[in-house]
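[1] Next come a sequence and a model predicted from it.
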Number of protein chains: 2
Amino acid sequence: MKTKDKIIQASLKLFNQQGERVVTTNHIAEHLNISPGLLYYHFKNKESIIQAIFLEYTLHIKNAITVPNDTSDPSEFLATYCDDIFEGIWHYRFLHLSMPTLLIQHNELHNHYLEAHQLLIARASSAVQWLRDFELIEIEENQIATLVDLMRLVTGFWVGFSIANHLGTELTKKQVHAGREHLIALLAPYATPSGKVIFNNLSTTVP
Amino acid sequence: MKTKDKIIQASLKLFNQQGERVVTTNHIAEHLNISPGLLYYHFKNKESIIQAIFLEYTLHIKNAITVPNDTSDPSEFLATYCDDIFEGIWHYRFLHLSMPTLLIQHNELHNHYLEAHQLLIARASSAVQWLRDFELIEIEENQIATLVDLMRLVTGFWVGFSIANHLGTELTKKQVHAGREHLIALLAPYATPSGKVIFNNLSTTVP
């Protein structure tokens, strides 16, 4: 791995574990056993490391969240879909925690965020329409946009919600993946009888 | 108004308008036309002002969110319920923006938050059961807890979600109250035919 990528990965790890506010570039250099000078050669400050991680996150959104196709098995597709979403949230959890504050501070990041979320909205809408085509849910066309908003809200702020609900304990991977139940709960009331079976299964088998 | 209360109100106003991070105790004193010394007599630093506002917010939660009674008119009750919720969110919007980060930093505030939200959960559950008793929604007993979680998630993070969706513009009162549509959208798929009429009305008449 190149030094630049090593710095990004180590920073992500430390930000996730200790919180972005308390980690300094000196901590990162020390963790990697490199000189602060070498770190500054690649990144002029902590902000620019955060920006690099942020761009990696928007690329992840663009690549990881797939659209189902006609041959997908609904049950399998939904399980993978949820796993991918919450694994991404777990991987970039420090970003999720302070997302709106970060976006206010950096117009350029905000533009990247909006671009990635436009794609996310289109893909999540496709996924909802696909569930309807498979007769797993019944939903009016004009309800889809708000449902997709709710899906983005629940996933985008799941880290903050989980932290707010638990006093003084570090967020666990299990708590993050438990968000699946709440994501499915947004769809469940629209379920057809065959959809109900699949959604029930998914809710009770959170990884 | 007492000087202490004046400081709290002025700080809330400035934090909401400019963001908590950029406002200093000097700005607050200047805004009130008092000496920094007088401010420090009442509050030892910015943190303790934030804590005072936070306690005011938890009191607001405990007092403002009412439980419906048998004689309430459902349509009127729901409109008032939503207005009260989003007016509170608007009033304390800077707190909502950085809530989880604040809670991580202050165990004492986190305890107050959890206590207030326990009450909030109980009252929101009562409101959902009341909607069911009035035959406006059909919902299984075991679906209520997750629905209440979703209601807390959508309202608690509505400010962050709205800010993330809009580039470079200050959050408006109208945008905050527009959250009513998404709160109602959580209930709408459970609606009975008579509930549908009421929910549709509420969604299209956001203040």
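    Great, that's in hand.
[2] Does the spatially most central residue of chain A fall in a helix, a strand, or a coil region?
    Of all residues in chain A, the one closest to the mean position by CA atoms, centre = their mean is residue A:89, 3.2 Å from it. For residue A:89, the reduced secondary structure class is helix; criterion used: DSSP: H, G, I helix; E, B strand; the rest coil.
[3] which residues does it contact?
    Residues touching residue A:89, when contacts are defined by CB atoms under 8 Å, 6 or more residues apart in numbering or on different chains, comprise A:96, A:155, A:158-159, A:176, A:179. For the C-beta atoms, the positions are set from N, CA and C on the backbone; glycine is no exception.
[4] Which ones among the residues you listed also lie next to chain B?
    Among these, the residues within reach of chain B (CB under 8 Å from any CB of the partner chain) are A:158-159.
[5] For the contacts of residue A:89, which entry has the maximal number of neighbours?
    Each of these was scored by neighbours using other CB atoms under 10 Å in any protein chain shown; the highest score is residue A:158's, at 26 neighbours.
[6] Skipping adjacent residues, who's closest to residue A:176 in space?
    Closest residue in space to residue A:176, ignoring its immediate chain neighbours: residue A:90 at 4.4 Å, by CB to CB, 6 or more residues apart in numbering or on different chains.
[7] what's the neighbour count on that neighbour?
    Counted with other CB under 10 Å, the burial measure for residue A:90 works out to 20 neighbours.
[8] Let me know whether it touches residue A:175 as I believe.
    No - if you go by CB atoms under 8 Å, residue A:90 and residue A:175 don't touch, sitting 9.3 Å apart.
[9] how about residue A:22, phi and psi?
    Reported as degrees, to the nearest 10, the phi and psi values for residue A:22 are phi -90, psi -10.
[10] That one: neighbouring residues, count only.
    The burial count assigned to residue A:22 is 9, neighbours taken as other CB under 10 Å.
[11] What of residue A:112?
    The number of residues packed around residue A:112, counting by other CB under 10 Å, is 18.
[12] do you know how far it is from residue A:62?
    10 Å (CB to CB, to the nearest Å).
[13] And the top helix by length along chain A, what does it pack against?
    In chain A, ranked by residue count with DSSP state H as the criterion, the top helix is helix A:107-133. Helix A:107-133 makes packing contacts with helix A:46-64, helix A:99-105, helix A:144-156, helix B:158-165 when contacts are defined by 3 or more CB pairs under 8 Å, 6 or more residues apart in numbering or on different chains; DSSP states H and E.
[14] Mean pLDDT and distance to residue B:29 for the ones you listed - can I get that in JSON lines?
    Output for the helices and strands packed on helix A:107-133, formatted as JSON lines (pLDDT from 0 to 100; distance: least, CB to CB, whole Å):
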{"stretch": "helix A:46-64", "mean pLDDT": "90", "distance to residue B:29": "30"}
{"stretch": "helix A:99-105", "mean pLDDT": "91", "distance to residue B:29": "25"}
{"stretch": "helix A:144-156", "mean pLDDT": "97", "distance to residue B:29": "37"}
{"stretch": "helix B:158-165", "mean pLDDT": "97", "distance to residue B:29": "27"}
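[15] Out of those helices, which one sits most buried?
    Using mean count of other CB atoms under 10 Å in any protein chain shown, the stretch among the helices and strands packed on helix A:107-133 with the greatest mean number of neighbours is helix B:158-165 (a mean of 22).
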